[in-house]
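Trainee: After the sequence you'll find the predicted model.
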Amino acid sequence: MDTPEEKAVSAGSPDASSVEALQRQLVQARQALEDFTYSVSHDLRAPLRHVVSYLKILREDLPQPVDPAILSHLQTASDAAAQMGRQMDGLLELSRLGRQELQQGDVDLQLLIVETLRGLEPQAAGRRVDWVVATDLPRLHGDIALLGRLLQLLLDNALKFSRARDPAVIRIGWQPVRAGWCALQIQDNGAGFDPRFADRLFKAFQRLHSARQFEGLGMGLALARAVVERHGGRIHAEGRPDAGCTVSLELPLAAGAGA
């Protein structure tokens, strides 16, 4: 006869049929994502290309001189089509990040940040930007390509939202949080945001500033979240209007790092 403890364990253990059902659901969810990705990259691209092409033809075929109001309408339509194309690109990257197989290894975070900052030099050109980078950054364990993309997204964001500052001050630091994990912090003295809407920051196409203030799709932090979560970590942001922002993300340390 089973003891009460054994019965409790048995009752709380999933049977083979429930595990198989969950596996089928996972396969179906992955297939749905594959179908969505194909639709975005192929089925929706073709009609969008047609829209762009016919707008160009229409502009060329209009009798000259063209009414400025009509030109303005055509430009608005062209801008909207271009925006839709960029949104498709963002969704495709988000989809790929969720499915991409990780190529994990030990990553020199200090070197990766140096390389990322070098790539951001064009965005910082003509500005005073003080990069304050901790000199004891630890080694991480993860996919170096995805972690490089993560840093590029976050540091580009910090540059963009601090461009009204002279100088812009962007700090990169870290601290251990639990065994085998660290919290990387990226802090800027830029525009900040209303903390009441912090939960929107990491969702696709969510913007807390107008397009006239800051360009972009509102995809950067959604992509950053996808990379962090692929590594098993968490990400959040704190800020206040006109008082800067701090993004904190937990990432796995390389074996023996951060001790």
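Mentor: Looks like it came in fine. Residues are numbered from 1 along each chain as shown.

Trainee: Outside of whichever strand or helix holds V247 itself, list whatever touches it.
Mentor: In the assignment (DSSP states H and E), V247 maps to strand 245-252. Residues outside strand 245-252 that contact it (Cβ atoms under 8 Å, 6 or more residues apart in numbering): 140-142, 147, 150, 154, 157-158, 161, 177, 180-188, 190-193, 221, 224, 228, 231-239. Where you see a C-beta, it was placed from the backbone N, CA and C, and this is true even at glycine.

Trainee: at 7 Å instead, please
Mentor: Strand 245-252 is contacted by residues 140-142, 154, 161, 177, 180-188, 190, 192-193, 228, 231-239 when judged by Cβ atoms under 7 Å, 6 or more residues apart in numbering.

Trainee: So which of those residues sit within helices?
Mentor: Residues of the contacts of strand 245-252 located in helices (DSSP state H): 154, 161, 228.

Trainee: pretty sure the second one is touching N189, no?
Mentor: Just to be clear, that refers to F161. No: look at F161 against N189 with Cβ atoms under 7 Å: they stay out of range, at 9.5 Å.

Trainee: Which parts of this structure are helices?
Mentor: Taking DSSP H as the test, the helices found in the chain are 4-12, 16-38, 45-61, 68-99, 109-119, 121-124, 144-161, 220-230.

Trainee: Go through the last one and flag the buried ones.
Mentor: Meaning helix 220-230. 220-228, 230 (16 or more other Cβ atoms under 10 Å).

Trainee: which secondary structure elements does that helix contact?
Mentor: Applying 3 or more Cβ pairs under 7 Å, 6 or more residues apart in numbering; DSSP states H and E, we find helix 220-230 packed against helix 68-99, helix 144-161, strand 235-239.

Trainee: now those as CSV including distance to D15 and mean pLDDT?
Mentor: Listed next are the helices and strands packed on helix 220-230 as CSV, based on distance: least, Cβ to Cβ, whole Å; pLDDT from 0 to 100:
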stretch, distance to D15, mean pLDDT
helix 68-99, 29, 80
helix 144-161, 36, 92
strand 235-239, 36, 92
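
Trainee: so where is the stretch 151-259 of the chain shaky, pLDDT-wise?
Mentor: 205, 207-218, 258-259 (pLDDT under 70).

Trainee: so how far is stretch 176-192 off the chain centroid?
Mentor: Chain-centre distance of stretch 176-192: 16 Å, with Cα atoms, centre = their mean, to the nearest Å.

Trainee: Okay, buried residues for that stretch please.
Mentor: 177, 181-192.

Trainee: Identify each buried residue in stretch 147-167, please.
Mentor: Buried, per 16+ other Cβ under 10 Å, within stretch 147-167: 147-163, 165.

Trainee: Can you give me the distance of R178 to L251?
Mentor: For R178, the distance to L251 equals 12 Å [Cβ to Cβ, to the nearest Å].

Trainee: With S72 instead?
Mentor: From S72 to L251 the distance is 47 Å (Cβ to Cβ).

Trainee: More neighbours: which of the two?
Mentor: Neighbour tally, S72 and L251, criterion other Cβ atoms under 10 Å: the higher count belongs to L251, 25 against 10.

Trainee: Spit out the contact partners of R127.
Mentor: Contact partners of R127, counting by Cβ under 7 Å, 6+ apart, are 163, 168.

Trainee: any idea of the pLDDT on it?
Mentor: For R127, the model assigns a pLDDT of 92.
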